[in-house]
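> The amino acid sequence is not available; the structure is as follows:
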């Protein structure tokens, strides 16, 4: 039996972390969350619209007895803003978990390494359990670990691109060298992408668009759950060695007498 | 709900077909079969060893009420020998299912296309339900379909190599053009390989070494079951479009006021 | 110094074989041929249009003192038609070289293995030097070698697709096992595709669309010439071993004293 | 005709920058440099060994009328040490060119982004023409460009690994967004790796181990020269569009009458 | 007095508090978090936390995101 | 009389049948299939199927394979 | 007499030969190759090679191709 | 007086200069660069640049590297 993934006080049996964005409806989101088997979902923090009196809000669709909430600092471009956003999230949601995102560029949504490290240090000092989104750079990940982050979350590909793991090699190096959990964040577009990530030995996968923008998000959530479990099991089972040549699955002796060529 | 895979009279809910070779023991094989959820397992046909009075045989470890048996013609190098082996298998096992293998070369174990087509035609005439192992060649697959085969089974990579799908492109073309089920046979080394195959839309995956030679075959069988289900579900769910650029999962407006740069 | 490639009586210093189809104009083709450094160019055989009295023909743009001509049987779907087309080509062009193509399917243009082997045997008996276009199947290539072909020409990807080598692994196996020259035919879309093919050790590359449909065919022909030479040289030079880890290019000792951290 | 690559006062017609490390001998290095056609070679800066009175030194093997010298700060782990090393190099070699390397980790030799940016800013202020080695991160590259670097040099793979471009996608994004030359530094193991890099549109490739540790470094240097030229030409020529399906290179009409099937 | 709420000017009565602002905005205090001049105001102190001329007030909530 | 069983020479008594061969080989008929001179002998006919001088007999069973 | 040339019906005068057909078609013999009823006619024999009622004649040339 | 040269202790005569150190080390000034206490000494000033008790001297050259 696999051991649960520990992040701060959380003990997660599901190694799939999912978002709440871009779903056709909050009802579909709710069913997709159930199908995914996730225990941790991300939310964003935004100004309330004072003119909009719409009744139900996102939190009405999140059963917090079932799902822990992971607020993010998406959209922030400086350490200062990310820190304030995290503090507001903590006050709002009563959690010290934070998915730290400090974006360096609005088009690629790649993180700004220097600002992310600065924000991480300050948030750790302030008592947060920090899960930073970061480029797939072993050094940046090591610096974030040194800063006291509870995990590192290198990107597999740009947010929302669905390109899969563009560089499995760098993710493997990061995992090999990390002393905190490694969570692949962003890039997963289909089930095999998630399986490939888990087979590298990473501890979990975080995704949003890959599920939310599938033609059938609920079915894709089920696919992602199975893919994460499959990749994890394959990693633990220890795959066969690759061989450059064929090797028969059936005995090579005891064949019937060959027909005599005319 | 996915419809079952129909091959001849069989209706398979599991899209994973597994072998019986190379396991550390028949007991492990039996547990791996159970973990895989398979409903169809392959066996080979060989001369009995007249000097060996060993008690239990392979069939004692196959509950045929649970698993349909798919005999193969592994090791045959001519249509004639493959046909006789198939006829012996039918008499022995009381099934007209046959996994047709006519090997062209003992080192690569690639099939001989011409001999395979000749054997398939004769076996179809003789009332067999023929599942031929074949190279990943859309024309060879079309000829086998014309010959009346119940499915085509292009190789993903050499038997026992565990290299995964060396050419997903050719498998996709084969599936797109086939009017019979397409089963990827050989090459799967780990869970993501199976998921990738199923995401291409193929109807099933057949494997042996990938499970039998894993460090923990039973756990790998579980991984393969989940991976095949995950890949199938992802195919049915319809994956998101890949994007060359990032696309935010969180709203891009409503951010808090940025800190004033000192 | 590399030895020339021998095919029948030909001794080719250039390992790039190019087509004559799809160019914006025959003048551009002529300049592209010169830029490519090729010594062997393919032509097709078609019925003459009795109503068309256009003056210059393809052959007016091929200096046969500079380029040997390799007629093809493109479009043929049976051994019979391919054989007659080859015989007409020989009579027309005074060469016993033939690029044998027997197409199995008009959409994929994949070859029909069984018909190709049959045609090859007959053409060899009839005194032709046969260069067959074939699927990337080591067994089909071995059968064609047994039939007496002067080379085998496995496809890298479908004709005109520009997808590059979809399965470098199968090409490598074919080269490793062949006793005649191996020429990658079809699929090359850009220079690196040609370099990758040559680095596998194959003896030459045949291409048409990759040059003819480039925005600047003459410049691309130059690129292909260099890429084929580069790939060949790299193969002969013996590449470095890949390493999972970094290895410094500069000395790791003799560094200046590190700054004292404040 | 391609325009030369301008870096500071340099105008380079060759887009291949090579190192001086790891060669079997300085004589072989000298011949490899000539074969590579390079105009810019890197050297390292180290303490002189006071006990060693060996006669000839590296610089005796570099004809500086033919090759510009690019000193590096290899081995430095802090901005401070990199800056001092650069200043010593400038005094020694009379050049304000510097290949900035600030290593984050001795095993992966990945750069430390934060320290590299700090060192770059100081060196630019001090009048250097700074070419920083950096991770394949568009944001880090943008920050270095903002700091006034003359080019950015993202890694293709770890130094000395020969793994090729592990993430062509990130290199493409970096090139698309950069306003200074982009030079792929590290990772090239064979000719096609260099061609692939240049086809992405990058301005040059820097390599050392791929040439120095080839079985025949001089021949590999020739291969690399041709590969860089081939990739550049292919980029400028504009490759054909990839097609999912085949497209005939020969006319599809005017075929001879098909043989009548018996 | 003049203040800024979520980036827009807003005139508040003298003596306004965070709690009074929420009430007049029709917002339940448990679905929002508040920062005044970039420091977070604990929910427990909404009633007593007085607002002053020129205060920059942020009222945020949780929304769908990844 | 001389026969070949699974590729090895085997002398059988006159009047030997497939069934007698199996009995003397200690093989249960339901775990094997038989071909004589490359044609399959249906299990139902093992008793009556006589063997003759020079017959090439194959006795096969199912084994582990992929 | 009726013949087929490149798949189209063509009436030729009695005594027509491959050479006469080429002349009346305005084709130089060295730029084409000829098959009659699926066998190749050597160029050297174009003059003497008589054509007959019902002959299927193919006249081909080299064109651009890959 | 005590100094450190390339990390090793080295006793130098009073009045030693960078130039004298190079001479006694048998080094030609044009193949090296020098830093004293982490600041670079221009080659033109080697003669007049006096060394002092406790100076940390780096003498570097170019070597093969990538």
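Perfect, thanks for sending it. Predicted model only: the values in this text are computed from it and were never measured.

> Check what pLDDT residue E:15 gets.
Predicted confidence (pLDDT) for residue E:15: 93.

> Next: the one 3 residues further on.
Confidence per residue is given as pLDDT, and for residue E:18 that number is 96.

> Would you enumerate the residues in contact with it?
Applying C-beta atoms under 8 Å, 6 or more residues apart in numbering or on different chains, we find residue E:18 in contact with E:34, E:36, E:41, E:45, E:46, E:47, E:49, E:51, E:57. Any C-beta I mention is one placed from the backbone N, CA and C, and that applies to glycine too.

> since we're on the first one, how many residues are nearby?
A count of nearby residues for residue E:34, using other C-beta atoms under 10 Å in any protein chain shown, gives 26.

> Considering the contacts of residue E:18, which possesses the most neighbours?
Counting neighbours by other C-beta under 10 Å, residue E:34 leads the contacts of residue E:18 with 26 neighbours.

> partners of the helix or strand containing that one in the sheet?
Here residue E:34 sits within strand E:33-36, counting by DSSP states H and E. Using DSSP bridges, strand E:33-36 pairs in its sheet with strand E:39-41 (antiparallel), strand E:56-64 (antiparallel).

> So for residue B:93, which of those strands sits nearest?
Closest to residue B:93 of the strands paired with strand E:33-36, according to C-beta to C-beta: strand E:56-64, at 56.5 Å.

> pLDDT on that closest one, on average?
95.

> roughly how far is that strand from the heart of the chain?
Relative to its parent chain, strand E:56-64 has a centroid offset of 9 Å by C-alpha atoms, centre = their mean, to the nearest Å.

> Can you list the buried residues in that strand?
Residues E:57, E:58, E:59, E:60, E:61, E:62, E:63, E:64 are the ones in strand E:56-64 that count as buried (16 or more other C-beta atoms under 10 Å in any protein chain shown).

> still on that earlier bit, quick one: closest of the strands paired with strand E:33-36 to residue B:260.
strand E:56-64 (10.3 Å).

> ok, the residue in chain E sticking out farthest from the centre to chain G distance?
In chain E, the residue that sits farthest from the middle, by C-alpha atoms, centre = their mean, is residue E:66; the gap is 25.9 Å. Using C-beta to the nearest C-beta, to the nearest Å, residue E:66 is found at 48 Å from chain G.

> I'd guessed that residue sits against residue B:251; true?
No. Residue E:66 is beyond contact range of residue B:251, at 10.4 Å (criterion: C-beta atoms under 8 Å).

> Which neighbours do these two have in common?
Listed as contacting both residue E:66 and residue B:251 by C-beta under 8 Å, 6+ apart are A:21, A:44.

> hmm, back to that, how far away is the residue farthest from the centre of chain E from residue A:66?
Counting by C-beta to C-beta, to the nearest Å, the gap from residue E:66 to residue A:66 is 19 Å.

> So which residues on the stretch 1-150 of chain A come close to chain E?
Counting by C-beta under 8 Å from any C-beta of the partner chain, the residues of the stretch 1-150 of chain A lying close to chain E are A:19-23, A:26, A:29, A:42-48, A:50, A:53, A:57-59, A:69, A:71-72, A:74, A:84-85, A:87-89, A:91-93.

> Pull up the distance across stretch A:138-155, start to finish.
12 Å (C-alpha to C-alpha, to the nearest Å).

> and that stretch, does that touch chain B?
No. Stretch A:138-155 stays clear of chain B (C-beta under 8 Å from any C-beta), getting no nearer than 9.3 Å.

> next one: that stretch to chain centre, how far?
For stretch A:138-155, the distance to the chain centre is 14 Å (C-alpha atoms, centre = their mean).

> State the mean pLDDT of it.
Averaging pLDDT along stretch A:138-155 yields 98.

> still on that earlier bit, skip the chain neighbours and tell me the closest residue to the residue farthest from the centre of chain E.
Distance criterion C-beta to C-beta, 6 or more residues apart in numbering or on different chains; nearest residue to residue E:66, sequence neighbours excluded, is residue B:249 at 2.4 Å.

> What is the burial count for the one you found?
26.

> in terms of contact, does it touch residue A:74 like I think?
Yes. If you go by C-beta under 8 Å, residue B:249 and residue A:74 touch, sitting 7.1 Å apart.

> Tell me where the chain has helices.
Going with chain A. Using DSSP state H, the helices of chain A run over A:26-36, A:79-93, A:113-125, A:138-146, A:168-177, A:191-199, A:209-212, A:217-237.

> actually chain E
Under DSSP H, chain E gives helices at E:18-25.

> Tell me, how many residues neighbour the residue in the stretch 151-262 of chain A that chain E sits nearest to?
Using C-beta to the nearest C-beta, the closest approach of the stretch 151-262 of chain A to chain E is made by residue A:208 at 3.1 Å. Residues near residue A:208, counting by other C-beta under 10 Å, number 27.

> Also residue E:14?
When neighbours are defined as other C-beta under 10 Å, residue E:14 has 9 of them.

> That one contacts residue E:3, correct?
No. Counting by C-beta under 8 Å, residue E:14 sits too far from residue E:3 to count as a contact (11.7 Å).

> May I have the beta-bridge partners of residue 10?
Assuming you mean chain A. Bridge pairing for residue A:10 - DSSP bridges - gives residue A:7.

> You answered for a different chain; I wanted chain E.
Taking DSSP bridges, one finds residue E:3 as the beta-bridge partners of residue E:10.

> Looking at chain E, what residue ends up closest to chain D?
For chain E and chain D, the shortest gap (C-beta to the nearest C-beta) falls at residue E:66, measuring 19.1 Å.

> sorry, back to before: as a markdown table, the helices of chain A with distance to chain C and mean neighbour count would be great.
Formatted as a markdown table, the helices of chain A follow (distance: least, C-beta to the nearest C-beta, whole Å; neighbours: other C-beta atoms under 10 Å in any protein chain shown):
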| stretch | distance to chain C | mean neighbour count |
| --- | --- | --- |
| helix A:26-36 | 34 | 19 |
| helix A:79-93 | 22 | 23 |
| helix A:113-125 | 17 | 22 |
| helix A:138-146 | 10 | 23 |
| helix A:168-177 | 8 | 20 |
| helix A:191-199 | 16 | 30 |
| helix A:209-212 | 25 | 29 |
| helix A:217-237 | 18 | 27 |
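
> Thanks a lot, see you next time.
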